[in-house]
Structure formats: structure tokens, C-alpha cells
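Participant: sequence isn't available, so here's the structure alone:
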């Protein structure tokens with residue numbers, strides 16, 4: 001089985017295998033040509049142990065079999081078997097990994113039989129244990145088998161442990177990568193939500209301010225000849241509204257650039273200023289508030305303020321400004337009910353600017369839903385336009 005291996009790691013394996021061969025070469029030269037060939041085989045097995053663990057195991061077996069067929073003694077080069085077994089467990093696939101374990105067991109048996117029986121009988125070496133005493137020979141063969149299998153299996157187990165550590169690190173790396181990606185997605189979603197909120201605020205500020213400016217400009221144009229002082233007051237109002245709108249737009253743009261993350265947002269206490277500006281624009285607003293105010297979160301207060309602002313702006317732009325507009329806040333234990341009622345102009349349904357209602361109301365409905373509330377807006381048969389919103393005191397499930 002071939003595995004992907006970088007050029008640097010392959011070079012390292014080859015260099016280490018060559019260094020091992022250089023150290024073992026003097027011992028091989030003390031023997032004959034077979035010992036040198038066996039050494040070359042083990043060096044080759046070490047060189048490809050991570051690139052191709054299966055081939056490495058096969059080459060090591062071939063070198064070991066050649067050594068036993070030639071009845072050669074153990075050499076320093078035989079230590080390469082430990083590195084090969086380690087690599088089968090650390091870098092091999094499923095089949096190669098378990099083949100390495102089987103090779104460790106089979107190798108221990110074959111080495112014991114070769115060194116304890118075959119070599120003394122065919123190679124002229126003395127039996128392990130000295131004089132050939134049956135008990136001594138049996139004991140030494142048993143000891144040789146236990147030592148062989150312990151060393152070989154230990155090398156394979158060390159590779160399996162290294163593999164487990166590497167796999168655990170890879171799992172942690174992937175988990176960290178997944179967590180970073182999830183955090184990045186959440187961050188992007190939060191940024192998108194914030195930009196949507198800023199866009200809604202921008203619409204509210206611009207739409208409301210332009211409605212006031214247009215109404216005041218129309219009034220000033222008609223009053224300029226007969227009541228100059230009224231025209232001057234209208235111009236003052238236009239200037240104040242324009243400056244306030246410019247400041248709000250700058251704050252929103254600063255938020256968009258993240259230069260002023262702590263930009264102030266309107267709250268319930270700012271309703272008085274809103275009513276004053278709308279009344280200065282010529283709208284007769286009748287404000288009533290019943291019940292005891294409950295503490296609302298900042299987001300809920302912004303929703304109440306913006307919904308009221310949108311309702312009054314729509315009344316100023318699309319309603320009959322000569323008729324009074326009712327703004328009611330009704331508090332109870334669960335939150336607040338907001339209602340804006342204004343008379344519609346006769347041409348409101350066909351006026352070119354009537355599309356503004358279609359853009360503003362959905363934004364207010366979304367604001368209410370984000371605060372866990374609801375918003376409805378409808379034109380009645382009695383010629384009145386009603387916008388009703390329910391904002392809970394505590395954020396709940398969006399309706």
C-alpha cells in the first residue's frame with residue numbers, strides 16, 4: 001500500500017536507512033556476500049517503510065528468508081525488522097497493519113525454531129543451553145521465544161501507539177478547523193444582521209426627516225407672502241431636522257465602518273423629541289399612555305420608538321395632515337401595545353409616493369418580530385389607517 005509522503009520525509013527515511021547500513025556494514029563484511037545482500041535488503045526496507053509499508057514488510061521478509069536459507073548467523077542488520085514492524089502499525093493500511101502483527105508472531109516462532117533447532121542441526125552450531133540437556137534446551141528455547149515475541153510485538157505496539165496519537169491530533173485539528181469555520185459563519189451572520197439593522201435605521205432617519213422637510217417647505221412656500229414669520233419658523237425647523245438627520249446618518253455610517261461601535265440608539269424617553277418634531281411639521285399628534293411603564297431592553301425600546309416614528313412619518317407623508325393623529329401606548333404586565341391611527345388622504349391609494357408604505361411597514365413588522373412581538377397595518381373602510389404593534393417586555397419566540 002502506497003501512502004502520500006512528502007519529499008522531505010522520504011529523503012529523511014532514505015538518509016536514516018543509509019546511515020544504519022553504514023553502521024551495520026562492518027559486521028556484514030565479516031561474513032560473506034549473503035550477509036551484504038541481506039543488509040542491502042534491510043536498508044531498502046527501511047528506506048520505503050513510510051512510503052510503502054507493505055512493500056517494506058515484504059522486502060524484510062525476503063531478506064530474512066534469504067538469511068535463514070543460507071544458514072547465516074544473526075547480524076546487526078536484523079534490527080531493521082523492528083523499524084519495519086513499527087511502520088506497518090504506524091503508517092500502514094488496515095491489511096498491512098494486521099499483517100505486521102501477524103509477522104511479529106510468526107517471526108518470533110520462526111526465529112526461535114531457526115536459532116534453537118535448525119541452525120544447530122544443519123549449521124553445525126551448538127544447541128542453546130550448552131551440552132544438549134533436554135531441560136536446558138527446552139528452557140532456553142522457551143526463553144528465546146518469549147524474548148523474540150516481546151521485542152517484535154513491542155515494536156509493532158509502539159507504532160500503533162504513535163498512530164493513535166497522530167489520529168487524535170488530526171481529529172483535534174479538524175475539530176478546531178470546524179469550530180473556526182462555525183465561528184466565522186456566526187460572525188458573518190451577526191455582521192449581516194447588524195448591517196440590516198443599520199439599513200433599517202437609515203431608512204427610518206431619512207424617510208422621517210425628508211417627510212418633515214417636505215411638509216415644512218410646502219408650508220413655508222404658501223406662508224412666505226402672507227406670514228413671513230411663519231416661513232422663517234418653518235425654515236428653522238427644516239434646518240434643525242436636516243442637521244439632526246445628518247448627525248444620525250453620520251452615526252449610522254460610523255457604525256457601518258465600525259468606528260463608533262457605541263453609537264447611541266433612540267429609547268422611549270426620546271419619544272417626546274419625536275413628537276415635538278412631528279408637531280412642528282404641522283401634524284396634530286394626540287399622544288396617550290396608559291398603564292405603568294415596564295423596563296424594556298434596549299432592542300425593545302428601539303423597536304417601540306422606530307415603529308412609532310414610522311407610523312407618524314406615514315401619517316405625515318400619506319395621510320390627511322389636517323386631521324389629528326392618535327398615538328397610544330397601553331402597558332400591561334406582559335409588555336406594551338402601540339397603535340397609530342390617522343386619516344388617509346382621498347388620493348393616498350393612487351399617489352406616486354404611496355409605495356413608501358410598502359417599504360416602511362415590512363421593515364417595522366420585522367423589527368417587531370425580532371423583538372418577539374407582532375405588527376399589523378391596514379386601511380379601514382372608514383378612511384382610517386391603523387398600525388398596531390405588540391412588543392413584549394421579555395424577548396420571546398417571534399410570532
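Facilitator: Done, it's in. Predicted, not measured: the structure shown is a model, and the values here were computed from it.

Participant: thought residue 85 was touching residue 53, still the case?
Facilitator: No: using C-beta atoms under 8 Å, residue 53 is not in contact with residue 85; the gap is 9.8 Å. No exception for glycine: its C-beta is placed from N, CA and C like everyone else's.

Participant: what's the nearest residue to residue 53 if we skip its chain neighbours?
Facilitator: Leaving out its chain neighbours, the residue that sits closest to residue 53 by C-beta to C-beta, 6 or more residues apart in numbering is residue 92, at 3.7 Å.

Participant: quick check: longest helix of the chain.
Facilitator: helix 134-223 (DSSP state H).

Participant: and that one, average pLDDT?
Facilitator: The pLDDT scores in helix 134-223 average 79.

Participant: which other helices and strands contact it?
Facilitator: Where contact means 3 or more C-beta pairs under 8 Å, 6 or more residues apart in numbering; DSSP states H and E, helix 134-223 is packed against helix 80-91, helix 94-113, helix 228-256, helix 271-280, helix 298-318, helix 355-370.

Participant: could you name every residue contacting both of residue 53 and residue 85?
Facilitator: Overlap of the contact sets of residue 53 and residue 85 (by C-beta atoms under 8 Å, 6 or more residues apart in numbering) consists of residue 100.

Participant: can you state the direction angle for the longest helix of the chain and helix 80-91?
Facilitator: 30 degrees (axes from the mean of the first three to the mean of the last three C-alpha atoms, to 10 degrees).

Participant: any chance of the helices and strands packed on helix 134-223 in CSV, plus distance to residue 165, mean neighbour count and mean pLDDT?
Facilitator: Formatted as CSV, the helices and strands packed on helix 134-223 follow (distance: least, C-beta to C-beta, whole Å; neighbours: other C-beta atoms under 10 Å; pLDDT from 0 to 100):
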stretch, distance to residue 165, mean neighbour count, mean pLDDT
helix 80-91, 10, 24, 93
helix 94-113, 15, 18, 92
helix 228-256, 48, 16, 66
helix 271-280, 64, 16, 87
helix 298-318, 48, 24, 85
helix 355-370, 48, 18, 68
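
Participant: circling back to that earlier point, how much space is there between the residue nearest to residue 53 and residue 159?
Facilitator: 8 Å (C-beta to C-beta, to the nearest Å).

Participant: what touches both of the two?
Facilitator: residue 100.

Participant: secondary structure class for residue 376?
Facilitator: strand (DSSP: H, G, I helix; E, B strand; the rest coil).

Participant: thinking it is in contact with residue 390, fair?
Facilitator: No: contact between residue 376 and residue 390 fails when scored by C-beta under 8 Å: they sit 9.1 Å apart.

Participant: tell me which of those two has more neighbours.
Facilitator: The neighbour count for residue 376 versus residue 390, taken as other C-beta atoms under 10 Å, is higher for residue 390 (19 against 13).

Participant: am I right that the more buried one is in a helix?
Facilitator: No: Residue 390 is assigned strand when assessed by three-state DSSP, not a helix.

Participant: dump the residue contacts of it.
Facilitator: Contacts for residue 390 (C-beta under 8 Å, 6+ apart) come out as 335, 336, 337, 338, 368, 373, 374, 375.
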